[in-house]
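> I'll drop the sequence and a predicted model, then ask my questions.
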Amino acid sequence: MTGGVAAGAVTAGTGAAADITAAARVVAASKVYGTGDAAVRALDAVTVGFPAGRFTAIMGPSGSGKSTLMHCAAGLDSLTSGAAYIGETELGALGDRQLTLLRRERVGFVFQSFNLVPTLTVAENITLPLDLAGRSPDAAWVDGLIDVVGLGGRLRHRPGELSGGQQQRVAVARALAGRPEVVFADEPTGNLDSHSGGEVLALLGRAVREMGGTVVMVTHDPSAAAHADEVVFLADGRLVDRMTGPTAGAVLDRMKAFDGRGGGGAQ
Ligand SMILES: Nc1ncnc2c1ncn2[C@@H]1O[C@H](COP(=O)(O)OP(=O)(O)O)[C@@H](O)[C@H]1O
Ligand SMILES: [Mg+2]
């Protein structure tokens, strides 16, 4: 399978078309953890773009480098070599302070473990990134978000009073509150039952298709990946394939093919 012409334009990474369409991208990205005998090459010369206005899933077996790719693309970790960009900003050229501001103002995050602040209410959690940045929330946007996540009746509750699925929907609203250029989600349904997980995935899809957002989601679950517009596949730290219009069955078949040729072990 191939992503075709549109995906090729962003995959190229160095051409003019790539610069226009990618909300985030990495070029010849390598990441080595540790040194000497203990060195692990978690990413090996990966070039991939994540198109603006689309929902992209990063898929691959456990240990294939998915979280490393996401963390480096999002400015949560640095590359050993190569470059990572948010829009036209090269992350490696930024100092710590600039990187903190970029993460706060231009990127949204959703983690497997929700990472809400337990002492704050739902409403306070949703606007926390804006409060930290000293920005006043766009009230109409935030009200719309609260409608979309369906937690209007829970705004004064604390996270501990919510189910896991509700907490993750708050986390998605928090990630979207500042209208970031791109939202990165690492296994956002990993701690949820399939019904709650489906609600969170539908929400991420609406963020892209109805609200004009860009989402990059790491998952090892073919049915989660099927919510995306496109899936990029990693194996052993390398980009090995991409698939547009994925279905759970097609993604599962592709993953089985990796196993068949020893591409990275079972999930
Ligand atoms: N902080 C770290 N120190 C050393 N090795 C790491 C670290 N983080 C990840 N790795 C290794 O890098 C590889 C890729 O890990 P990761 O990106 O977490 O994979 P995935 O998210 O696909 O499961 C694995 O071999 C993992 O053990
Ligand atoms: Mg991971």
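Nice, thanks for sending it over. Ligands and ions are numbered 1, 2, ... in the order given.

> now the protein, which segments are flagged as low pLDDT?
Residue ranges of the chain with pLDDT under 70: 1-20, 260-267.

> residues from it in reach of ligand 1?
Residues of the chain found near ligand 1 (CB under 6 Å from any ligand atom) are 33-34, 40, 42, 60, 62-68. For glycine as for every other residue, the C-beta is placed from the backbone atoms N, C-alpha and C.

> ok, so of those, who is nearest residue 86?
residue 68 (16.9 Å; CB to CB).

> Just the element for that closest one, please.
Following DSSP states H and E, one finds residue 68 within helix 66-73.

> Okay, helices next: where are they in the stretch 151-267 of the chain?
Counting by DSSP state H, counting those that start in this stretch, one finds helices in the stretch 151-267 of the chain at the ranges 164-176, 194-209, 222-225, 248-260.

> so how far is the next helix or strand after the helix holding residue 68 from its chain's centroid?
As assigned by DSSP H and E, the chain's next helix or strand after helix 66-73 is strand 81-86. Centre-to-centre, strand 81-86 and its host chain are 16 Å apart (CA atoms, centre = their mean, to the nearest Å).

> in strand 81-86, what counts as buried?
Within strand 81-86, the residues scored as buried using 16 or more other CB atoms under 10 Å are 82-86.

> again with stretch 63-80
Quick answer for stretch 63-80 (16+ other CB under 10 Å): 63-77, 79.

> Stretch 105-112: how far from the chain's middle?
The chain centroid and the centroid of stretch 105-112 are separated by 8 Å under CA atoms, centre = their mean.

> residues of that stretch that come out buried?
Burial within stretch 105-112, assessed by neighbour count using 16+ other CB under 10 Å, is assigned to 106-112.

> Specify the local secondary structure of the nearest residue to residue 175 once chain neighbours are set aside.
With sequence-adjacent residues excluded and distances taken as CB to CB, 6 or more residues apart in numbering, residue 175 is closest to residue 108, at 3.2 Å. Secondary structure, DSSP: H, G, I helix; E, B strand; the rest coil: residue 108 is strand.

> Show the contacting residues for residue 108.
Neighbouring residues of residue 108 by CB atoms under 8 Å, 6 or more residues apart in numbering: 129, 174-178, 180, 182-184.

> and which of those is nearest to ligand 2?
In terms of CB to the ion, no member of these lies closer to ligand 2 than residue 184, at 12.1 Å.

> Quick one: residues contacting the closest one.
24, 70, 73-74, 107-110, 215-218.

> Next up, the contacts around the residue nearest to it when sequence neighbours are not counted.
Closest residue in space to residue 184, ignoring its immediate chain neighbours: residue 74 at 4.4 Å, by CB to CB, 6+ apart. Taking CB under 8 Å, 6+ apart, we find residue 74 in contact with 24, 86, 103, 107, 109, 182, 184.

> residue boundaries of the strands in the stretch 101-250 of the chain?
Assigned strands in the stretch 101-250 of the chain, in chain order: 107-111, 182-186, 215-219, 230-235, 238-244 (criterion: DSSP state E, counting those that start in this stretch).

> No further questions, thank you.
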